[in-house]
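Trainee: Below: sequence and its predicted model.
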Amino acid sequence: MQLKRGITLIFPTLDESQNPFIKESLDNLEIFKEQNQDFPLELIFSTGNEQINFSIPENLKNQTEIIKSHKDSRSIRLKDGFYNARTDIVILHHPRSVIDLHCLNYLLSLKDISWGGLTHQFDWSTPLLKFTSWYSNEVRLKLRNIIYLDHCFVINKSKIKENFFPPDEIFEDTIISQNLFEQLGVPSLYPYASRTSSIRFQKNGLWFQSVLNQFLKVAFMIGLSHKTMNKIYEKGLELNSKFKM
């Protein structure tokens with residue numbers, strides 16, 4: 001596929017009927033497109049549902065593609081979206097994040113772009129979550145070269161030589177980061193915010209969710225089945241996968 005200069009936003013959606021972040025993102029993109037009519041923008045919704053359950057603004061419909069993908073694996077939804085993108089710069093957009101759209105003109109202005117992520121922040125301000133965001137930006141990304149999807153990956157598709165998406169249903173963003181690091185080297189932290197949902201912390205409790213996250217990291221390191229880990233992670237919420245517990 002011949003790539004054109006521009007930016008594609010890929011949303012790996014599932015059941016977004018109760019997700020206000022999708023609506024906010026689309027409202028912001030509608031305004032952005034009104035103000036930047038000639039901006040080379042493409043939207044891809046790679047959905048695990050039979051159809052999307054939210055409305056695409058009229059001025060974005062010609063730039064939007066909807067792809068039926070995998071209901072359990074967010075990684076496969078991301079992969080399907082990525083390999084259908086027609087632009088050189090691709091943003092893997094977390095469906096429960098809202099990005100500062102000033103980043104679009106900024107990213108397109110960069111002469112040499114490889115891969116990286118936007119600056120992480122939560123929509124709920126607590127000392128624990130502020131620390132989590134700081135750690136995500138300053139330690140995990142800058143020192144360990146690992147980006148989670150809620151940073152919203154920025155990838156130069158024209159530099160990709162081989163598939164970097166794993167089949168795993170959880171920690172796929174860690175594996176994606178490891179694979180991209182092998183292909184493209186050190187990631188960049190871009191100075192525009194990705195404000196992400198704290199719904200797991202709000203529903204499960206700050207400390208319970210924090211301990212659960214650390215438990216799952218240990219389980220990942222010792223090689224526990226990704227399907228088992230995903231069932232534990234999604235229990236009671238099922239935000240990224242739909243299955244019988």
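Mentor: Good, I have the coordinates. Numbers count the residues shown, from 1 in each chain.

Trainee: Taking the centroid of this structure, which residue is nearest it?
Mentor: The centroid of the chain falls nearest to H94 when counting by CA atoms, centre = their mean (3.0 Å).

Trainee: Let me see the contact set for that residue.
Mentor: By CB atoms under 8 Å, 6 or more residues apart in numbering, H94 lies in contact with 149-152, 194, 196. Using the backbone N, CA and C atoms, a C-beta is placed for each residue, glycine as well.

Trainee: Among the residues you listed, name the ones in strands.
Mentor: Residues of these located in strands (DSSP state E): 194, 196.

Trainee: Please check the contacts of H94 and keep the buried ones.
Mentor: Neighbour counting by 16 or more other CB atoms under 10 Å classes 149-152, 194, 196 among the contacts of H94 as buried.

Trainee: what helix or strand is the residue nearest to the centre of the chain on?
Mentor: H94 is part of no helix or strand, with elements assigned from DSSP states H and E.

Trainee: On the pLDDT front, check it for me.
Mentor: Predicted confidence (pLDDT) for H94: 98.

Trainee: low-confidence ranges in the chain?
Mentor: Scanning the chain with the threshold set as pLDDT under 70 gives 242-245.

Trainee: can you map out the helices along this structure?
Mentor: Per DSSP state H, the chain carries helices over the ranges 20-35, 74-82, 102-109, 127-135, 172-184, 199-204, 206-221, 226-234.

Trainee: Which parts of stretch 118-134 count as buried, going by neighbours?
Mentor: 118-123, 129, 132-133.

Trainee: how about the nearest residue to A219, chain neighbours excluded?
Mentor: Among residues not flanking A219 along the chain, M229 sits closest, at 5.4 Å (CB to CB, 6 or more residues apart in numbering).
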